[in-house]
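Chemist: Model the following, please.
(3 chains)
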Amino acid sequence: MTPLTREFFARSVHAVAPELIGCLLLVDGVGGRIVEVEAYDGEDPASHGFAGLTERNRSMFGPPGHAYVYRSYGIHWCLNLVCGGEDEAEAALVRALEPTDGLGRMRRRRGLEDERLLCSGPGRLCQALEVTGEHDGLALDTPPFTLLPAEGPLQVARGQRVGITRAAELPWRYGLSGSRFLSRVLRPV
DNA sequence: CACAGGATATACT
DNA sequence: GTATATCCTGTGA
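Modeler: The predicted structure is shown next:
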């Protein structure tokens, strides 16, 4: 299976984000299927790119097909996949995975057994996959990343975003219909 | 359910 | 400089 290419990400985040559902995301062989993402573009007041280039968000303005990893609330790491053109500041926030590979390592890193809680949330999945600031700016088509296309027909649902106050009403959260690994129930809009 | 935890950015004085 | 908000999670009421 050929990995997702830079060309795949060099489109509008609104086209890319729903197609990420069902893709296999591994870091050093640990991870699972993407079941939830959120789209952020440069026009979005909730986006880190909205106010322009800063030290933290520089990867968001970089080439597509790379990772943008930032620290949230001073504690957690969050993984975004950079989309769009070179200076467009578009990215898809990976919010939840269905764990499939390396369950043992994920449980050890997370310090709990419950499969449902290993990767359901942006900070949680970064801890389970050991994604940190070291991964910021790395290409997604080379190690330690593995990113393979979704297989078979999938039902992708769209809903309201969560965890933010500004422009939360934008329906730019995508999830795999019926998945029990979503970080929250998808409220359709 | 409330809230601490604490990096980064912005909006004030 | 201080204050406030943020793409969140674990813990304890």
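
Chemist: what does the helix or strand hosting A:Glu7 contact?
Modeler: When elements are assigned from DSSP states H and E, A:Glu7 belongs to helix A:6-9. With C-beta atoms under 8 Å, 6 or more residues apart in numbering as the contact definition, helix A:6-9 has outside contacts at A:Val16, A:Glu19, A:Pro63, A:Pro64, A:Gly65, A:Leu81, A:Val82, A:Cys83, A:Gly84, A:Ala139, A:Leu140, A:Asp141. Using the backbone N, CA and C atoms, a C-beta is placed for each residue, glycine as well.

Chemist: For it, output the C-alpha coordinates as PDB.
Modeler: Provided in PDB are the C-alpha atoms of helix A:6-9 (Å, rounded to 0.1, in the frame of the first residue of the first chain):
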ATOM      1  CA  ARG A   6       2.600  15.300  -0.100                       C
ATOM      2  CA  GLU A   7       0.200  15.900  -3.000                       C
ATOM      3  CA  PHE A   8      -2.600  14.400  -1.000                       C
ATOM      4  CA  PHE A   9      -2.200  17.100   1.600                       C
END
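
Chemist: pLDDT of that helix, averaged?
Modeler: pLDDT averaged over helix A:6-9 equals 94, rounded to a whole number.

Chemist: how far out from the middle of the chain is it?
Modeler: Relative to the chain's own centre, helix A:6-9 is displaced by 15 Å; criterion: C-alpha atoms, centre = their mean, to the nearest Å.

Chemist: Regarding the most far-flung residue of chain A relative to its centre, what is its secondary structure?
Modeler: Summary for chain A: using C-alpha atoms, centre = their mean, the residue whose C-alpha lies farthest from the chain's mean C-alpha position is A:Glu113, with a distance of 22.8 Å. In the three-state summary, A:Glu113 is assigned as coil, counting by DSSP: H, G, I helix; E, B strand; the rest coil.
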